[in-house]
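*Asks:* coords please:
(2 chains)
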Amino acid sequence: MLTGDGLDGTPALAGPLRERAREFLASHDPAGTPRLEFLRARFDAGLAAVHYPPGLGGQGLPRALQSVVEAEFAAAGAPGNQPERIGIGLGMAAPTILAFGSDEQKARWLRPLWTGEEVWCQLFSEPGAGSDLAGLATRAVPAEGPGHAWSVTGQKVWTSMAHEARWGLLLARTDPDVPKHAGLTYFGLDMTGDGVEVRPLRQLTGEAEFNEVFLTGAVVPDADRIGGVGEGWRVAQGTLMNERVSIGGAALPREGGMIGSAARAWREHPELRTPGLHDRILRLWADAEVARLASDRLRQQLAAGQPGPEGSAAKIVFARLNQDISSFEVDLAGGDGLRYADWTMRRPGSVSFYGRDAGYRYLRSRGNSIEGGTSEILRNIIAERVLGLPAEPRTDTKVPWKDLPR
Amino acid sequence: MSTTTQQPAGRGIPDLLYSEAEEDLRSAVRSVLDGRGDWPAVLARTESSETYDTALWQVLAAEVGCAGLLIPDRYGGAGASYREAAVVAEETGRAVAPVPYLGSAVVATAAALRAQDTELLSGLAAGTVTAALAVPFASRPGAAGLPGGVRVGSPRPADPAGQARLTGQVSGVADALPASVLLVPADGVPAGLYAVDPSAPGVSLSPVVSLDQTRQLADLALDGVPGRPVASGPAAAGAVADGLTAGAAMLAAEQLGLAGRCLELTVGYLKERYQFARPVGSFQALKHRLADLWVAISQARAAARYAAACLAGGDSDAPVAVALAKAACGDTATLAAQECVQLHGGIGFTWEHPAQLYLKRAKSASIGFGTPDWHRAALASLAALPAAQPQ
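*Replies:* Okay, the predicted model is just below:
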């Protein structure tokens, strides 16, 4: 049975946890302690993310209990770790390291990841490997010289935050002589090392949220390999699962998403209304509200311990709605829809789907059905994993990667 | 039967999942509906003079207890809520069951509950009365006042006090054919809601050749027929409004069940059907259509559950919830049935294949109690999105 705060079955744990948070706040003045010192101490006290293991920022408790801690820290006005800046670290790197990393890696990486001292980025997609990620061509070969290390050469693309990142989640090919899924290995790459060049990749909005990353003999110690040699695909699947959960998953009030600005524009500008646009805003409002309810239902399923495959549905719907609503907004603006605020090339610190003007939102939303798994790939996942429909016959899974046409 | 309508803290969103008790009820209903015989028999019934399966309805109504779900214990009902009633509706939609569940156990019951009519509620709960609210199936919830096809005339000299004489017509009434009591809204003095015996002299109930023969409509004509007053004035209008609102919400749940069944049938067929030496379900062009349908159904489910939960909890957001549910589920069910026909190919276009029953029921139900477009239009005032002013 589900209760409102998702803490069912854990009330006995909530009390002591709340007490522990209060004790910490009593001994670490949130206003008087320097921000980083405060965050490090919070991590060391096991109050960073309660579902992380003891000694690694958490206490091995159910994830739902995190809200108890957050409420105490928010009430005390404690400084946060700016999660919008370290989304890839928190959402993808941390779960991957926890699931597949060695004890040394966990001890080295998780604390500065959580405090925001070290930003992470994701080095997966390549110019020649988008939806077909397993076909990627970046090569990691044993490095010459002393110590056990790898030398990495190749090109990565669509890399958010690479220009600020200290570490990259790298998927590279270590064996071209076996079928493509079997020849991949997963690493944590030091982005500040030699042979790593980051260039902004400007997108159709005029901004450069993303980067291209050129790797030329970049050296990765074998100690920074995450999971076994040749097991990269399995590790990457874990990372991607977390990516899809994090996109399109946030709880919002009614009119809290993209529909909010469209509805406001409709109410504020009676002179722009037409019957055709009225039909569209009614349909979009209804669809957006139903999508919000479906997201709430998905969250209830997760809280009740019934994780469903609806996450893929939520992402498809989120992308389509953002696109349709922002397109409506530009149409509603009419003549003003012909103007664009600013094409200046910039590198925004964080990504906003709902910010700026309607023209920006219209352009940015085109990416929503591409980033984090295209809507077409998500449909394949639903068709095969949810509905159990057979896969397309494939010619690329049994032959050595080096023999595939490309 | 207990209800579960917890409000998650701070968000105001009720529980949108199914409780264990609700799943038990679903299993009980499904096992009865699954056991009613094969498709040729179900199909044959649609062309017979007995399109409603009254024996099946008796089992569901009295033995499983579907008739009295919404009726409080003090009248002999189960004291459950619209959450449970919606689960039964999902199952009747899934089975395109020719039973008057919606008309009697939902629409007429909601009206009788508002009117607090003990006689009617006790009979409905026991399964001895099957009732229908005499309004066109295409009626929309939210209309002010009483529908005006029937008028109250002068009583005759020998009539008992309070009894009225009703005259007029109502066309396209759902679930009236198997009803033992008709609840007739009538204008005049006193305007109100009247219980009419369909076997009384002066009542004509003509079966309509309906697009959906699994819920065959009837045209009702009354000529000086005696009516027992059930509610009058604003209470009568309220009873009709409650019936229509409940009908729209539970019809949305029915549509959800129907859509899910269409997807299930189509996925099953596409796994078995070979063309070009492959299961046709391995072609991406078809897989993506079914994935889109699954997405639409998962959205519609949230809307249907929200509407049921709002009605169950007396939530003030119920008008918005019902409009969202009827719009989402109506469109989704029609799409699902159309895809079911198309993706079955040639066999899906034949009379002998059940896809046709789903298509006809889906299309008819999307018109019943307000089309998706009408319900979205209702959001103009509910969500403060006013129409364009004429230029």
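
*Asks:* any weak-confidence spans in chain A?
*Replies:* For chain A, the stretches with pLDDT under 70 are A:1-10, A:241-250, A:306-309.

*Asks:* The residue lying closest to residue A:226 once chain neighbours are set aside: how many residues sit nearby?
*Replies:* Among residues not flanking residue A:226 along the chain, residue A:186 sits closest, at 4.6 Å (C-beta to C-beta, 6 or more residues apart in numbering or on different chains). From N, CA and C alone the C-beta is placed, and that goes for glycine too. Other residues near residue A:186 number 27, with proximity taken as other C-beta atoms under 10 Å in any protein chain shown.

*Asks:* Over to the one 3 residues further on?
*Replies:* With neighbours defined by other C-beta under 10 Å, the count for residue A:189 comes to 27.

*Asks:* same question, residue B:389
*Replies:* 8.

*Asks:* what's the answer for residue A:75, then?
*Replies:* Using other C-beta under 10 Å, residue A:75 is surrounded by 11 other residues.

*Asks:* and it, backbone torsions?
*Replies:* phi -60, psi -30 (degrees, to the nearest 10).

*Asks:* Next: residue A:274.
*Replies:* According to degrees, to the nearest 10, residue A:274 has phi -130, psi 160.

*Asks:* repeat for residue B:218
*Replies:* Dihedral angles for residue B:218 - degrees, to the nearest 10 - are phi -140, psi 150.

*Asks:* ok so, going back, who are the neighbours in contact with the residue nearest to residue A:226?
*Replies:* The contact partners of residue A:186, taken as C-beta atoms under 8 Å, 6 or more residues apart in numbering or on different chains, are A:96, A:100, A:169, A:170, A:171, A:225, A:226, A:227, A:231, A:232, A:235, A:236.

*Asks:* At which residues are the strands of the stretch 101-250 of chain A located?
*Replies:* For the stretch 101-250 of chain A, applying DSSP state E, counting those that start in this stretch gives strands covering A:120-123, A:139-142, A:149-156, A:167-173, A:184-190, A:196-201, A:210-221.

*Asks:* dump the residue contacts of residue B:187.
*Replies:* Residue B:187 is in contact with B:146, B:148, B:150, B:151, B:152, counting by C-beta under 8 Å, 6+ apart.

*Asks:* How about it: what's its closest non-neighbour residue?
*Replies:* Excluding its sequence neighbours, the residue lying closest to residue B:187 (C-beta to C-beta, 6+ apart) is residue B:148, at 4.9 Å.

*Asks:* Pretty sure that neighbour sits in a helix.
*Replies:* No: counting by DSSP: H, G, I helix; E, B strand; the rest coil, residue B:148 is not part of a helix but coil.

*Asks:* if I look at it, how far off is residue B:368?
*Replies:* With the distance defined as C-beta to C-beta, to the nearest Å, residue B:148 ends up 20 Å from residue B:368.

*Asks:* Looking at the two, which has the bigger crowd around it?
*Replies:* Neighbours per residue (other C-beta under 10 Å) separate residue B:148 from residue B:368, with residue B:368 holding more: 27 against 13.

*Asks:* Could you verify my assumption that the more buried one touches residue B:136?
*Replies:* No: counting by C-beta atoms under 8 Å, residue B:368 does not reach residue B:136; the two are 9.3 Å apart.

*Asks:* show me what contacts the residue nearest to residue A:390 when sequence neighbours are not counted?
*Replies:* Nearest-residue entry for residue A:390: residue B:282, 4.1 Å, with adjacent residues in sequence omitted and distances by C-beta to C-beta, 6+ apart. Applying C-beta under 8 Å, 6+ apart, we find residue B:282 in contact with A:389, A:390, A:391, A:392, A:393.

*Asks:* To which secondary structure element is the fourth one assigned?
*Replies:* Mapping residue A:392 onto the secondary structure by DSSP states H and E places it in no helix or strand at all.

*Asks:* Excluding chain neighbours, give the residue nearest to residue B:317 in space.
*Replies:* Once flanking residues are discounted, residue B:317 sits nearest to residue B:310: 5.5 Å by C-beta to C-beta, 6+ apart.

*Asks:* And the longest helix anywhere in chain A, what's buried?
*Replies:* Scanning chain A for the longest helix, with DSSP state H as the assignment, gives helix A:275-303. Buried residues in helix A:275-303, counting neighbours by 16 or more other C-beta atoms under 10 Å in any protein chain shown, are found at A:277-278, A:280-303.

*Asks:* Contacting chain B as well, which ones from the residues you listed?
*Replies:* Among the buried residues of helix A:275-303, the residues that sit close to chain B (C-beta under 8 Å from any C-beta of the partner chain) are A:277-278, A:281-283, A:285-287, A:289-291, A:293-294, A:296-297, A:300-301.

*Asks:* Mind listing residues that contact stretch B:312-322?
*Replies:* So stretch B:312-322 is in contact with A:289, B:3, B:5, B:7, B:14, B:81-83, B:141-142, B:245, B:248-249, B:252, B:303, B:306-307, B:309-311, B:375, B:378-379, B:382-383, going by C-beta under 8 Å, 6+ apart.

*Asks:* For that stretch, list every residue counted as buried.
*Replies:* Quick answer for stretch B:312-322 (16+ other C-beta under 10 Å): B:312, B:313, B:315, B:317, B:318, B:319, B:320, B:321, B:322.

*Asks:* and what of stretch A:396-406?
*Replies:* Within stretch A:396-406, the residues scored as buried using 16+ other C-beta under 10 Å are A:396, A:401.

*Asks:* For the closest residue to residue A:182 other than its chain neighbours, grab the count of nearby residues.
*Replies:* Nearest residue to residue A:182, sequence neighbours excluded (C-beta to C-beta, 6+ apart): residue A:230, at 5.7 Å. Counted with other C-beta under 10 Å, residues neighbouring residue A:230 total 15.

*Asks:* And the one 3 residues further on, by the same measure?
*Replies:* A total of 18 residues lie near residue A:233 under the criterion other C-beta under 10 Å.

*Asks:* roughly how far apart are it and residue A:100?
*Replies:* Residue A:233 sits 12 Å away from residue A:100, going by C-beta to C-beta.

*Asks:* what do these two both touch?
*Replies:* What both residue A:233 and residue A:100 touch, as defined by C-beta under 8 Å, 6+ apart, is an empty set.

*Asks:* Quick check: the residue of chain A most remote from its centre vs residue B:385, distance?
*Replies:* The centre of chain A is farthest from one residue, residue A:271, which by C-alpha atoms, centre = their mean lies 40.4 Å away. For residue A:271, the distance to residue B:385 (C-beta to C-beta) stands at 15 Å.

*Asks:* Hmm, residue B:260 is touching residue B:95, no?
*Replies:* No: using C-beta under 8 Å, residue B:260 makes no contact with residue B:95, being 11.4 Å away.

*Asks:* Save the buried residues of stretch B:312-322 as CSV, and put in secondary structure, pLDDT and distance to residue B:225 too.
*Replies:* Output for these, formatted as CSV (DSSP: H, G, I helix; E, B strand; the rest coil; pLDDT from 0 to 100; distance: C-beta to C-beta, whole Å):
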residue, secondary structure, pLDDT, distance to residue B:225
B:312, helix, 97, 36
B:313, helix, 96, 39
B:315, coil, 96, 39
B:317, coil, 96, 40
B:318, helix, 97, 34
B:319, helix, 97, 34
B:320, helix, 98, 39
B:321, helix, 98, 37
B:322, helix, 98, 32
